[in-house]
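S.K.: fold the stuff below for me.
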Amino acid sequence: MTGIYIHVPFCAKKCPYCAFFSEQYGRKTVDNYVKAVIRNLQLYQVNDTVDTIYFGGGTPSLLTAGQISDILEACSKYLHLYQPEITFEFNPTGKRNTYLHDIHSAGVNRLSIGTQSFSDSQLKLLGRTHSVNDGIRTVETAFQVGFNNISCDLMLALPEQSELILHETLETLVKLPITHVSAYLLQIEEGTPFSQNQDLLARCLDDDQSADRYLQTVHFLEDAGIHQYEVSSFAKKGFESRHNLKYWKCVDYLGIGAGAHSCYMGKRFYVPEDVSQFCDGEHQTEIILSENPYDREERIMLGLRTVEGVPAELVKSQKIPLFQKAGYLRIGENGNISLTAEGFAVSNAVISAMI
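M.R.: Numbers count the residues shown, from 1 in each chain. A predicted model of the protein is given here:
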């Protein structure tokens with residue numbers, strides 16, 4: 001089973017913490033971009049069955065519902081689809097009822113909503129253009145329209161994010177009709193406005209405080225029946241993201257669009273972050289990163305991000321007993337090594353040491 005990732009690198013306004021590639025929205029450019037996406041869907045001639053499609057960004061909701069429908073019709077025409085999970089990243093601002101109804105009718109069956117926080121002061125700090133009420137109404141409207149698989153994004157370890165502020169956000173979140181949560185620790189990326197804001201940097205949480213907010217989230221969601229299955233991902237039973245699991249389980253996925261990454265047909269590659277080049281080219285350019293993407297090191301690095309973990313014989317590290325004693329990893333009955341919640345909180349250091 002192969003996954004398809006469609007990158008939509010356009011934003012009406014770039015968030016000050018974001019380091020991802022995106023360009024300012026322009027109607028003519030977006031029209032040409034959609035045509036290029038459809039052209040590439042045809043040219044790749046994917047022979048394997050496709051069971052996930054993911055629209056990411058950027059801001060996919062800047063595309064019209066008609067453009068989303070055109071892309072999905074092309075997927076149906078050029079791909080071998082089998083009961084696909086079709087995910088769409090959606091910002092909780094502006095268009096809601098009609099737009100959500102139309103993309104649901106077009107075939108989108110899973111929403112990933114960029115709520116980020118349910119604190120107006122924290123949303124303002126993040127430079128988000130929506131309010132807490134916007135986020136709540138968007139989730140409720142999506143559910144009423146017919147979406148029964150809804151994920152919300154949360155940003156953790158924000159400047160001055162106290163235990164109480166996060167608790168109130170989590171309480172609001174679990175009362176909504178959601179099935180999934182993606183929770184990310186704030187990373188201050190070089191070159192972003194956040195990285196140049198000295199006042200904000202001085203108010204950032206330290207590593208211990210960040211770990212506390214992370215573990216607070218893990219335990220709160222677990223108590224609410226939303227279980228961790230990957231370092232940043234939590235779901236009710238049966239609602240784990242099939243598409244995202246492909247990344248961690250080394251299953252093929254093909255990325256289409258400027259800036260999109262792929263691990264497909266035995267190679268890992270990316271498309272240059274150049275919208276004009278993507279639109280003008282007959283076929284998107286592939287820059288090869290690796291022709292052996294599923295080697296031992298990568299399988300360990302990706303597999304240890306999941307609760308399922310990896311076979312112990314794959315790791316062969318003398319540090320296993322040390323991390324086990326520290327409470328950072330466990331060995332399951334099936335012989336797999338996996339990180340605990342405390343291990344996930346310091347996963348980069350633990351995984352690097354294991355490799």
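S.K.: can you get me a residue count around residue 251?
M.R.: For residue 251, the neighbour count with other C-beta atoms under 10 Å is 17. Quick note: C-beta positions are derived from backbone N, CA and C, even for glycine.
S.K.: ugh, wrong one, residue 18
M.R.: Number of residues near residue 18 (other C-beta under 10 Å) recorded here: 16.
S.K.: how much space between it and residue 188?
M.R.: For residue 18, the distance to residue 188 equals 11 Å [C-beta to C-beta, to the nearest Å].
S.K.: residue 177 now?
M.R.: Using C-beta to C-beta, residue 177 is found at 33 Å from residue 188.
S.K.: more crowded one of those two?
M.R.: Shown here are residue 177 and residue 188; by other C-beta under 10 Å, residue 188 has more neighbours (15 against 12).
S.K.: what sits against the more buried one?
M.R.: By C-beta atoms under 8 Å, 6 or more residues apart in numbering, the contact set of residue 188 is 17, 194, 195, 201, 204.
S.K.: mark which of those are buried, thanks.
M.R.: For those, a burial check counting by 16 or more other C-beta atoms under 10 Å picks out 17, 194, 195, 204.
S.K.: and those as a markdown table, adding pLDDT and distance to residue 230?
M.R.: Listed next are the buried ones among the contacts of residue 188 as a markdown table, based on pLDDT from 0 to 100; distance: C-beta to C-beta, whole Å:
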| residue | pLDDT | distance to residue 230 |
| --- | --- | --- |
| 17 | 87 | 22 |
| 194 | 86 | 25 |
| 195 | 84 | 27 |
| 204 | 87 | 25 |
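S.K.: so which elements touch whichever strand or helix holds residue 215?
M.R.: Assigned by DSSP states H and E, residue 215 belongs to helix 207-223. Judged by 3 or more C-beta pairs under 8 Å, 6 or more residues apart in numbering; DSSP states H and E, the packing partners of helix 207-223 are strand 150-156, helix 163-174, strand 180-185, strand 227-230, helix 341-345.
S.K.: for these, which one ends up most surrounded?
M.R.: Greatest average neighbour count among these goes to strand 150-156 (a mean of 22), per mean count of other C-beta atoms under 10 Å.
S.K.: could you export stretch 301-321 as CSV, CA atoms only?
M.R.: Provided in CSV are the C-alpha atoms of stretch 301-321 (Å, rounded to 0.1, in the frame of the first residue of the first chain):
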residue,chain,number,x,y,z
MET,A,301,15.4,6.1,14.2
LEU,A,302,11.9,6.0,12.7
GLY,A,303,10.6,2.9,14.5
LEU,A,304,11.5,4.2,18.0
ARG,A,305,9.2,7.1,17.4
THR,A,306,6.3,4.7,17.7
VAL,A,307,4.8,3.0,20.8
GLU,A,308,5.2,-0.3,18.9
GLY,A,309,9.0,0.2,18.8
VAL,A,310,11.5,-2.1,16.9
PRO,A,311,12.8,-5.6,17.4
ALA,A,312,15.6,-5.8,20.0
GLU,A,313,17.9,-7.7,17.7
LEU,A,314,17.8,-4.7,15.3
VAL,A,315,19.2,-2.3,17.9
LYS,A,316,22.0,-4.4,19.5
SER,A,317,23.0,-1.5,21.8
GLN,A,318,24.9,-2.0,25.1
LYS,A,319,23.0,1.0,26.5
ILE,A,320,19.6,-0.8,26.5
PRO,A,321,19.9,-1.9,30.2
